[in-house]
Structures are given as C-alpha cells and as structure tokens.
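Trainee: only geometry, no sequence info:
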C-alpha cells in the first residue's frame, strides 16, 4: 500500500490540515508521500518533508498551478495516481473541490469526510450532518478520499523526506482566476472558526454580551449564541448555534451561560473540546462538556479574559 | 403591514376544504366519488397547514374501520394501513407509582371493548387517504394555511385566504414576501380538528354553540417507542386511569403495541383541572415509571413525541354544524366519541355526510353561500348521531362523580341500558373557568426525568421535529400582553409554563423583573393554550405554512 | 441558453434521523421528504438567470425511485420549464453513477450551464458536481455564493476557507450552489397546479445505456457516540491550564 496526501497550502505555508491528513494516512498503513501542487512553493515542500512519517515529497512547482485550480490539479493528480493505493486530501473546501474531480477522472468513487480508518478499504464517515455514522467499504482499486481534520491528530515534525520534482504541466484553459479576498472581519466566521465562544440566556442582556466579545477577541474566536439569547434579543439571529441555527464543529467551543438544551447541542456536539461555564451545576451542558466550570460567568469570564 | 390592503390573487373551486385530517380527507374523497358516480365536473381544493399530509396528525390510535369501509369498500385492496387488528384488550386502574389493578372484563363499559378494531398510525392513515383523494382528482395542497375567512357581501362564507409567506418578525414584508391568495368556493368545509382557529371565529360569528353545552377538552401527549422485541405483543391494547392523576385532575392513559416492534404510549389529561400547578407533561413522564408501563418500555428507545388537544364534550356540546356557505366537520365540531375514546370513524362519517349534503345542493344548480340545514338531518339520521347520543352521559358522569362512581355509572348506563338511561347529565362549565388560584394549592414537585423512561420537555419537543422559521410574526397572540405577568402570574403562577407540552411559555426573572417569554418556534400546534388560559388571553393563529411538527408514524 | 439543474429528494431538513435498530441504515419510513435545500437554491439561481434574460430554458433532472418525481414537480412549480426523471427504482446509486447519468443528459441536452447543490443533506458527499464536470471536461465552480453570466462566460464567487474566491469559467460549465447564493422563493398554489401539466420525460439507466455499478458498500450505520461528561475544574486558572496543557487547544 502507498498513500499520496495532497498538501493544502498557500504557496508559502503548509496548512495544518495537511498534518491531520497525514495521520489519517498513517492509520491506513504503507508509505506516505505528499504532493505539493503550486507555484513558488518550495518552502511548502520543505515543511512537508519535515513531517514525521512522510517518505517522499513530490512537488509540481509551475505558474500553471499558482491558484491550484481543480481542473488542472485533478489532471495532474490523476496522472500520478496509478502508483498509489490511496489518495487523501483534507475535507476542507479546497480538498472537497478537488478530490471528486480526481476520482471521476480515475473512474472510481470517492469517500468524503472520513473520520476513522477501520481497515485499508473500510472507513467511517458522518452522514445526515453527523447524526449518523456510516461504515463504508470500497472495492475501487484506488481509494480517493477527503479526511475530516478534527477526527485525526496533527502529525508531528521530525522527518526528513526526500523532495522530488514533478514535471508534468497541465493547464486550466477554461478557468480564469479573477481574485481572492480573505475575510476582512476582525472576527472569524462562525462556521469556519477554530474557536467559538457562545453566550446564552445567562448572559442576561445585549449589553452584557460585551464580556463574551472580549473573551472571543482574546482567543481569536468567533461569537455564537443559543436560541434563548437570540429570542431574548441579546444578539441577531445569524449568530444562533443549534438545530435551527448554524452547526459548528470548532476545535474549542466555549459555552457561557448556556444551559445546553438538546436543540443547542445539536449544533455544536461535534466540537473537539467543549468548555462550559455556568452557575447551575445541574445544567445539561455539563453532561457533554470536556471541561466544566461552575461559576458566576460575570466573574469568571472577565477573569479568564484577563489571564489569557 | 396592513394585510387588508393587499391585492390578492384569487382562485375559484366548487368546494374548499380546510385541513387534511380524517374528516377533511373523507369529505374530499366522498365529494369526488359522488361527482364520478353522477358524471359531473367538480373542483375540490384541500389545504393543509402541515408540511405534508400527516405531519400534524397525532392520535392514539385504535380505530373502528366502519367509516373507512363505507367510503372505500375495497380498502384492503387499496392498501389502507390498517395492519394490526386488536388482539387483546386490557383495562387497568393505576393505584400508585408501583401498583395497578386490572379491571375484570365483565366490568368494562361496552364502549371500551376493542374487538374488531385496529391499532394504526392515524398520520399514515391520512397519508393513504390523501393518495386516494388525489387519485380521485382532489387538489391537495400541504404547506398552505387557511389563515383568514373570506365572506360574501351577504355575510355568507365565500372561502378562505391562505397565509402570507415571507413576513418578518417585525410584521414587515421580507424580500421573499408572497401574499396569500383567496380560495373562493361555493361551499367551504372546515375540518381543522379540535379548536380550529377559523372554527373558533365561525362559532362566534354565527353563534354556532348558542344552544350547546360548553365544549370540554383534554390534552393528549403521546410517544412512539421502539421496544425490546421479546416484550412486544402486536395488537395488545391497554387502557387505564388513576395514578399519577388525582386530586380533582382526571384523565386516562393508553399503551398500544403496533407494528415493527413499536409501541405507543400516551396520557390524556382532562383540561377541566383546577390546580394551576398541574403539568400534564410531567404527569405523563412520571406515569411511565409505573411497572405496568415500564415493563414494556425498559430497554426500549423513544423515537417520537407529540401532543394535541382533543374535543371530548360529545353530544351535549355539539354545535350547529352549518352556516351560510360552509359546514363544520369532525373534531372542529366535536364529533369524537369519548366513551370509546375514538373520533376517527365519527369524524370521517361527519365529513362524508357533509360531502353528500353539498353535492346534493350543487346538483340542484346551487351557486353557493346557502345555509345547508339539511346537513343536520343527514347527521341526525346517521349512526354517528345515534352513537354520540348513547354516549352523552359518559364524560359528564366522570366529571361529576369522579372516575370511581362515574365509572360505575358508565358501566350501568353503557352495558345494561345501552346508553339509553333516560337521564342526561350536563356539565356546562368551560374548562378554562375551572382554574383555581395557586394559593389554594401547594406546588407539585415532579421527579427529575431519568433520561431512560422519562425525559425533559425540550428533548421531547426535539423529537416532534417541530420547526418554524424564526423570522416571522409570533403566531401566539396575546390580547393583552401585560396579563400574563400582571394577573396570571400572581393569581395562578402563570400556568402556561406547565400546561404547554412544548415549553413555549416561560416566565423569566422574578418580581419587578419578571417577563413573559413566548418561544413560538417550539409550538406543536396542540392548541392547549388557546383553550386553557384562565384569562382567555392567548389566541392561536396560523404560522407560516409548513411550520409546526413533522410527525412520522404518529 | 439552456440551464440544466439536477435535484435530489432527501429527508426534510427539520426531521431528525434515527438509525434503524438493526444498524442497516437510517429509518426513513413515512418521514417527511423534501427537495434538498442546496438543490432548491440551485433551481432558484437558474430561474433568476432566466428571468434576467441570461437563459431561455430551465430543465430539471432527478434520479431515483418514483417518488423523486415529486421533487421535480416542486422545481417545476417554482418555475422551471420541464423535467427529466431517470427512474432507477431501488438501485443504490453512488455519486459516480449519478454523475455518469447526468453526463449523458448533458450530452443529449447540451446546456450552457449546469447548476447543482453543493451537497445533499443525507449522504453529505459533496461530489456529484465535481464528478460531472470532470466527465464532461467542463470547468467547475463549487460553493458558489454569486453567479454572473455574461455572454460565453460565468463569473462565480466561491466560498473558500477564510474568504471568497472569484473565477471566470468559459461556458459550458458546472456550478454548485452554497447556502448564501440566494433565498429560494415560496411556491404559489396556482403554480403547483400548473406544474402538474408541465412536460416530464421519464427514462432509466438501462434505456440510457449507462453502467451505474456501485463500488461502495454500506457496511453499517451507527448513531453517533454520545459525548460523556468530562471533568469539572474549580477555578479559571485550572481551566486555562487544562486548555493549554492538557487539551493543548489554546
């Protein structure tokens, strides 16, 4: 078996999501090679070569790949694919944009968002927005998949893999890159933030929400709210996390003054680490929190903001 | 936004039917059958507020197949989902948290015997009826509410107006605003079920209940469970009463073993209770811990939850069911037979009779808008009337004498005199007026749910799949917004917090800070608030179409 | 220009799924089914392009069991012109098979633009649009939040990690719709009646001569593991320490 991990990067830095994907590949077993497709992206290749467990890094460094468009990147990956049993990419917008196109060129199916490796041909993946977990077995000769990054730890550094150039060049003649704007908001977007700080009815008023914002800013976090807080008019309803609001799965979810009604849990239960701060020790949120602090939020939250 | 100024599109039909429950669907099917028999063109439009037919249907249910057999003699071939005949029928009195006694068969009122009946999902029966209606040519429109009545200049009912879509929480039109439209008909059949909101307006406009006793209601709360196959006995039907209800609060429970290793369990609490601390939801949750019930549920998994008010006043509370331009059918009129705890067959039959009356009128070239008093005669000559009349004392006896002596009265009345005992018991006090001040009672401390047999309200509502777009006007209107805090809170500890089975109403804060919160998104359309608020200050109106629960197999 | 929109019948977004007791799949018996929300957005976008004079016809295609025709009718009631239903009966299709069927439809219909939802809310695959684009050799723009059609090209704004990307595609092309592309209209009652009379062609994978063999087997389906309570810390310091040193997340 041999795995090819498609690196996610911006031509300068290797994105952390690649490290989680390398760990997923290590669970499958066999060699792990990393493919870096980009332009002036040697620094990325070197970063990938330094990841423990990587045996080789292949770099397709050409102006044609500057924006990593799906059309020509997929052609390149498909051309290299026959040497591998598994092709993996992070299940991020970039990986999801690319991998199905690769699979179709290879005339195989694709597995999206794998969250566990059961065996080299059998994987677990969430369906119905995570409300059910499917175990699926693939009989395709080459298994093409995207990897749920929060389900796998990041691979560590300490490797020294060889770097090899890939010279095939494909062009995307029917797609023109016009531009890119990275969100200018001071705060990250709720659904894509790594950390989310949410306030509930316990926060008490719209004005009191400023202590939630202050903590979020300190953590570089997005701000969410429970439906009760939205219904009470503390915050607008595009901040609502839960069954009828947004579904989030950040690395850390900090629930402040949120009792933890099941409707709210439905929107955040896939978070990697859940922290709850609530003065009611019986609040249901503590039944799902990894770390719970029974305290008055008006004292604890400013204290936490101050100490971070 | 002033909704009276809106230009609305209009469509015309021979008959418009409001509500795709058993009575509305039976009306629709019967109308089309008659049209086909007489080779007559007929346009029938049926609107249903649920996102699909069956989405808002909640019933026990053990049903009598009599009306279905009349409507579709070949119902078995047509695949009607009446798959589980009742095999065994038991009646219990729960004595305490741990004890129950079985009532010997010989002492059970005849109306409570269920041989020949079927355990069904009424939602699925309605889905099937809707298929029949559509194949007969009825236009069925789920996801559309009948939000307003439409009148002719002479005051007769001209049809309905469907709800506006895309109105924001502030009452202003959003980008997606789509005005409701006029659905005009020669005759409109109102089949909204118990406490229909247009029905309520019709009662008042045409004084339909002037000569009737006050209607009585119950709230039925139901759960669907996957149970351990080794404990499942398809067709087993259990009814009973007693614990945990008591102290002037009455009602009864049911537990039916249906198909696919599933069972349904439910509790009906009569809404004439006087203790404002009573919480029907919590009564139901703790009831499930009685070993009689727990023995079946333990090791199982709850899969669905819902609640709905039922009109159980029966014969004495029947209103006038006709008025210029329209007819009332089914539970919107109150045709349920409480002695049998069954309303499907009577509702369907009332709908079929309404269809026959309207069709007969249309055949004479009637252009609509008349008061079809002939419906009365058809109704009075039918088995529904006979059946309801025979059961007229059942409810009042229980209300008057309590379940023990009242039960004995019912046994004598129903089994020995066949419901023909020459007395009529009456109970003319409306349920909401029975509420007594909280100061006369002490608070009921309900046990905490264990998460296995009993559950909290919000995780229950979760399983009703209820949903309303949050950006729409609140569909629970307070005539006087200050009343919950100024009157209901000090006098009754605001009972809405407890009678609502979906956690819609909350009082937040204390003392001068106290605030009445309405979580309209949670609403399961049971109508209990509209019925039981002691100040009669809450009016349930239709939310945006498609909102509300999405019951599967209920 | 003709726009082809592929739609899928899925469990309604407001219904909670339940895994069957035998773990073979989720239980969909008598649950409310709907048009996949992202497909609905795709239909809306196609209609807006037609209403803006950028397209002349909107054709809806769906694949599945007979009941999927309901969702084609919904799209027709929204305003689409005609439908194509590929009756696959109970066959368990996966994305590649679906993409191959759609590619055949594209070959027959020659649309200038194909719009799909970015993913279906049941399988959550997010694959079909990309696969279709690959099979047709068309350019693709997934996660679209804005589509501008001008002459022979479409300029599409895409939602990517941390921001937005804009691509210009030479038509014909495949676009997949994200949540913020538009807010679909409400269907009007007379339009539902009209939709019943709009043309709906029925075919099947066999008639189309497309091999839809499945290479993915569903082994079992489980309910997600319930989270269990972690630890309670007694101070803010202990909490910060745990997050920094134990969980290593801040």
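Mentor: Cool, the structure landed. In this text, all values refer to a predicted model and were calculated from it rather than measured experimentally.
Trainee: Would you mind naming what in the stretch 101-250 of chain A lies close to chain B?
Mentor: A:201, A:227, A:230, A:231, A:232, A:237, A:240, A:243, A:244 (C-beta under 8 Å from any C-beta of the partner chain). All C-beta spots, glycine's among them, are computed from the backbone N, C-alpha and C.
Trainee: and those, which two are the farthest apart?
Mentor: Greatest spacing in these, by C-beta to C-beta: A:232 and A:243 (17.6 Å).
Trainee: Which one of the two is surrounded by more residues?
Mentor: Comparing residue A:232 with residue A:243 by other C-beta atoms under 10 Å in any protein chain shown, the one with more neighbours is residue A:243, at 22 against 19.
Trainee: can you give me phi and psi for the more buried one?
Mentor: With angles defined as degrees, to the nearest 10, residue A:243 sits at phi -50, psi -50.
Trainee: Return the residues in contact with it.
Mentor: By C-beta atoms under 8 Å, 6 or more residues apart in numbering or on different chains, the residues touching residue A:243 are A:262, A:263, A:264, A:266, A:267, B:462.
Trainee: tell me, which of those make contact with chain C?
Mentor: Contacts with chain C within the contacts of residue A:243, as defined by C-beta under 8 Å from any C-beta: residue B:462.
Trainee: I'd like the contacts of residue A:243 as JSON lines, with secondary structure and neighbour count appended.
Mentor: As requested, those are exported to JSON lines (DSSP: H, G, I helix; E, B strand; the rest coil; neighbours: other C-beta atoms under 10 Å in any protein chain shown):
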{"residue": "A:262", "secondary structure": "helix", "neighbour count": "19"}
{"residue": "A:263", "secondary structure": "helix", "neighbour count": "22"}
{"residue": "A:264", "secondary structure": "helix", "neighbour count": "28"}
{"residue": "A:266", "secondary structure": "helix", "neighbour count": "20"}
{"residue": "A:267", "secondary structure": "helix", "neighbour count": "24"}
{"residue": "B:462", "secondary structure": "helix", "neighbour count": "20"}
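Trainee: counting contacts, what elements does the helix or strand containing residue A:299 pack onto?
Mentor: Using DSSP states H and E, residue A:299 sits in helix A:297-307. The contact analysis (3 or more C-beta pairs under 8 Å, 6 or more residues apart in numbering or on different chains; DSSP states H and E) places helix A:297-307 against helix A:210-219, strand A:273-278, helix C:236-241.
Trainee: Switch these over to a markdown table; also include mean neighbour count and mean pLDDT.
Mentor: Converted to a markdown table, the helices and strands packed on helix A:297-307 look like this (neighbours: other C-beta atoms under 10 Å in any protein chain shown; pLDDT from 0 to 100):
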| stretch | mean neighbour count | mean pLDDT |
| --- | --- | --- |
| helix A:210-219 | 19 | 96 |
| strand A:273-278 | 26 | 96 |
| helix C:236-241 | 16 | 96 |
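Trainee: In TSV: these, plus distance to residue A:180.
Mentor: Formatted as TSV, these follow (distance: least, C-beta to C-beta, whole Å):
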stretch	distance to residue A:180
helix A:210-219	25
strand A:273-278	31
helix C:236-241	36
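Trainee: State which strand of chain C is the longest.
Mentor: When chain C is parsed with DSSP state E, its longest strand is strand C:140-150.
Trainee: got a list of contacts for the helix or strand following it?
Mentor: Sequence order places strand C:153-160 as the next helix or strand after strand C:140-150, per DSSP H and E. Contact with strand C:153-160 is made by A:93-94, A:178, A:180, C:113, C:141-148, C:164-171, C:173, C:175, C:178, C:180, as judged by C-beta under 8 Å, 6+ apart.
Trainee: Narrow those residues to just the buried residues.
Mentor: Buried members of the contacts of strand C:153-160, scored by 16 or more other C-beta atoms under 10 Å in any protein chain shown, are A:93-94, C:113, C:141-144, C:146-147, C:164-169, C:171, C:173, C:175, C:178.
Trainee: Any regions of the chain where pLDDT drops low?
Mentor: Picking chain A for this. A:183-185 (pLDDT under 70).
Trainee: List the buried residues for the longest helix anywhere in chain B?
Mentor: Ordering each helix of chain B by length in residues (DSSP state H) puts helix B:344-363 first. By neighbour count on 16+ other C-beta under 10 Å, the buried set for helix B:344-363 is B:344-359, B:361-362.
Trainee: Quick one: mean pLDDT for stretch C:154-161?
Mentor: Across stretch C:154-161, the average pLDDT comes to 93.
Trainee: just stretch B:51-70 next, same as before
Mentor: 96.
Trainee: And chain A, is it touching that?
Mentor: No: using C-beta under 8 Å from any C-beta, stretch B:51-70 never reaches chain A; the gap is at least 14.5 Å.
Trainee: and that stretch with chain C, contact?
Mentor: Yes: judged by C-beta under 8 Å from any C-beta, stretch B:51-70 comes into contact with chain C at B:51, B:52, B:54, B:55.
Trainee: out of the residues you listed, who has the most neighbours?
Mentor: Neighbour max across those (other C-beta under 10 Å) = residue B:55, 32 neighbours.
Trainee: For that residue, which three-state class applies?
Mentor: Classification of residue B:55 using DSSP: H, G, I helix; E, B strand; the rest coil returns coil.
Trainee: got a list of what it touches?
Mentor: Taking C-beta under 8 Å, 6+ apart as the test, what residue B:55 contacts is B:123, B:142, B:548, B:549, B:550, B:551, C:32.
Trainee: Kindly tell me how buried the residue lying closest to it once chain neighbours are set aside is, as a neighbour count.
Mentor: For residue B:55, ignoring the flanking residues on the chain, the nearest one in space by C-beta to C-beta, 6 or more residues apart in numbering or on different chains is residue B:550 at 4.9 Å. Number of residues near residue B:550 (other C-beta under 10 Å) recorded here: 28.
Trainee: gap between stretch B:342-352 and the chain center?
Mentor: Stretch B:342-352 sits 13 Å away from the centroid of its parent chain (C-alpha atoms, centre = their mean, to the nearest Å).
Trainee: Do a quick rundown of the helices in the chain.
Mentor: No chain in the question, so chain A it is. Using DSSP H, helices in chain A cover A:16-28, A:42-49, A:70-80, A:93-105, A:210-219, A:227-231, A:262-268, A:297-307.
Trainee: please go with chain C instead
Mentor: Applying DSSP H to chain C gives helices spanning C:37-51, C:69-78, C:95-109, C:128-136, C:189-195, C:205-208, C:236-241.
Trainee: In terms of secondary structure, what does the last one contact?
Mentor: So the one you mean is helix C:236-241. Taking 3+ C-beta pairs under 8 Å, 6+ apart as the contact cut, helix C:236-241 packs with strand A:291-294, helix A:297-307.
Trainee: can you do 10 Å?
Mentor: Here helix C:236-241 touches strand A:273-278, strand A:291-294, helix A:297-307, strand C:231-233, going by 3 or more C-beta pairs under 10 Å, 6 or more residues apart in numbering or on different chains; DSSP states H and E.
Trainee: Most tightly packed of the ones you listed?
Mentor: Stretch with highest mean neighbour count among these: strand A:273-278 (a mean of 26; mean count of other C-beta atoms under 10 Å in any protein chain shown).
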